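Peer 1: mind folding the following:
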Amino acid sequence: MSQPPAARREIPESLSARMGAIRLLSHVLRDGRMLGDGASGLTGPAAARALRLAGLVLRHMGQADAMMKVHMDRQPAAKVRDILRLALVEVFVDGAAAHGVVNDAVAMARMSPRTVKQSGLVNAVLRKMVDDRSAWDALPAPALPGWLRGPVAKAFGKDRIVGIEAAHLAGAPLDLTPQRPTEIDGATVLPTGSLRLSGGQVSTLPGFESGDWWVQDAAAAMPARLLGDVTGLRVLDLCAAPGGKTMQLAAGGANVTALDVSGKRLRRVHQNLERTGLQAEVIEADALEWSPEEPFDAVLLDAPCTATGTIRRHPDLPHLRTSRDVEALTKLQYQLLDRALAFVRPGGRVVYCTCSLLPVEGENQVAAALKRHDGLTVEPLDPAAFGLPEIAASALGLRLLPDLWPDRGGMDGFFMSVLKRA
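Peer 2: Presented below is the predicted three-dimensional model:
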């Protein structure tokens with residue numbers, strides 16, 4: 001009598017999450033795609049952990065590679081390198097037990113014919129490295145890629161670069177923009193008015209269902225505040241998705257038109273407006289081709305950019321962006337800025353901003369616009385009036401960098417300016 005086939009061995013959740021993290025790392029480092037895009041193929045309770053682990057590895061990858069360089073004469077295969085990176089970060093950053101981490105790392109190396117022969121290397125090298133805590137603690141924060149580090153250091157100084165890289169390594173807290181008085185345990189009120197928490201599951205926080213607030217970094221919440229009292233004003237939010245600034249303007253009493261070229265991203269705007277009970281006209285269109293029936297009192301343009309100011313919350317960005325991206329984006333930025341200026345009435349204002357560390361996407365764009373448009377002026381902005389430190393002052397607006405408020409958790413990198421038509 002034949003025996004029934006052996007039951008398929010179930011993979012433990014810890015190993016499943018680690019395998020998912022390795023796949024996500026390949027998705028970013030080899031396929032050149034955003035970390036979140038690869039998460040759609042993950043399911044079950046291990047999915048969230050896999051995404052979190054992959055993000056930790058990308059944030060601390062420079063340290064892991066430096067550690068491996070000391071203990072290895074040559075680089076192993078790409079997948080083995082990712083397995084070693086994950087193990088080091090789990091032990092030294094996430095506080096996982098070394099024994100279980102090493103066992104799962106060896107198990108993952110044995111799963112593929114391409115890496116099985118290096119499973120012994122994984123075991124031997126990891127057991128040496130996980131015992132060397134002092135060496136890990138002595139490693140500096142990972143440096144920005146050269147194409148980005150050079151211009152940023154030139155613009156803001158080498159000392160600030162060190163602070164920016166430290167902020168990227170530390171990661172980002174959770175910031176909320178309230179539309180009505182909100183109390184959340186553990187939240188602090190920043191001088192800019194944002195609420196800040198160390199973390200948490202967003203959908204379970206008090207006030208989420210009732211739309212009392214929305215998630216928005218403290219720096220991203222500043223451009224809309226530069227317009228001051230917008231009660232009754234007709235305001236256009238260009239490149240509006242996912243809608244944080246649209247909601248700010250609507251909550252302030254403006255008659256808002258939210259325009260974006262992406263219908264998929266605009267669905268987020270509709271969802272956010274519905275949850276918060278706020279009103280805005282939402283239009284799917286290309287700003288380079290669309291024109292309003294009449295000019296607006298104000299336009300807010302958060303222009304597409306390299307998003308290098310958001311690295312502390314998106315550690316995959318340094319591995320995806322290159323200097324080649326900058327030229328196409330800067331061309332689009334000045335085209336959009338010219339369109340924004342054409343959409344505003346005489347005497348009206350345009351807020352131009354980008355979440356970039358690069359002056360070529362911020363200060364330089366405003367300086368060039370002033371030369372192109374006769375009578376265009378920049379409104380002076382006092383950082384203290386917006387709850388910001390004096391170091392945020394810029395001749396052309398406000399310049400926020402991730403090293404601001406290191407004792408409070410920093411903020412995203414942003415440049416913003418208020419331009420006024422003659």
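
Peer 1: for the rest of this, base every contact and every neighbour count on C-alpha atoms.
Peer 2: Fine.

Peer 1: these two touch, right, residue 61 and residue 85?
Peer 2: Yes - using Cα atoms under 8 Å, residue 61 is in contact with residue 85, at 6.7 Å.

Peer 1: tell me which of these two has more neighbours.
Peer 2: For residue 61 and residue 85, the more surrounded residue by other Cα atoms under 10 Å is residue 85, and the numbers stand at 26 against 20.

Peer 1: without its sequence neighbours, what residue ends up closest to the more buried one?
Peer 2: Excluding its sequence neighbours, the residue lying closest to residue 85 (Cα to Cα, 6 or more residues apart in numbering) is residue 64, at 5.5 Å.

Peer 1: repeat that for residue 367.
Peer 2: residue 396 (7.7 Å).

Peer 1: does that neighbour touch residue 380 like I think?
Peer 2: Yes - contact criterion Cα under 8 Å: residue 396 and residue 380 qualify, at 7.5 Å.

Peer 1: looking at those two, which is more packed in?
Peer 2: Between residue 396 and residue 380, counted using other Cα under 10 Å, the more crowded position is residue 396 (21 against 15).

Peer 1: please tell me how far the more buried one sits from residue 225.
Peer 2: Per Cα to Cα, to the nearest Å, residue 396 is found 17 Å from residue 225.

Peer 1: what's the domain layout of this structure?
Peer 2: By the assignment in automatic domain parsing, the chain contains the domains 13-137, 209-420.

Peer 1: tell me which of the ones you listed sits most buried.
Peer 2: domain 209-420 (a mean of 19; mean count of other Cα atoms under 10 Å).

Peer 1: can you give me the helices for the stretch 51-200 of the chain?
Peer 2: Listed in chain order, the helices of the stretch 51-200 of the chain (DSSP state H, counting those that start in this stretch) span 78-92, 98-110, 119-129, 133-137, 146-156, 158-170.

Peer 1: could the ones you listed go into CSV alongside distance to residue 410?
Peer 2: Shown next, in CSV, are these (distance: least, Cα to Cα, whole Å):
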stretch, distance to residue 410
helix 78-92, 23
helix 98-110, 31
helix 119-129, 31
helix 133-137, 22
helix 146-156, 16
helix 158-170, 7
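
Peer 1: can you say which of the ones you listed is nearest to residue 43?
Peer 2: helix 98-110 (19.0 Å; Cα to Cα).

Peer 1: and residue 18, what does it touch?
Peer 2: 50, 53, 86, 104 (Cα atoms under 8 Å, 6 or more residues apart in numbering).

Peer 1: nearest to residue 422 among those residues?
Peer 2: For the contacts of residue 18, the minimum distance to residue 422 (Cα to Cα) is 52.1 Å, reached by residue 53.

Peer 1: which ones are touching the closest one?
Peer 2: 18, 21, 86, 90.
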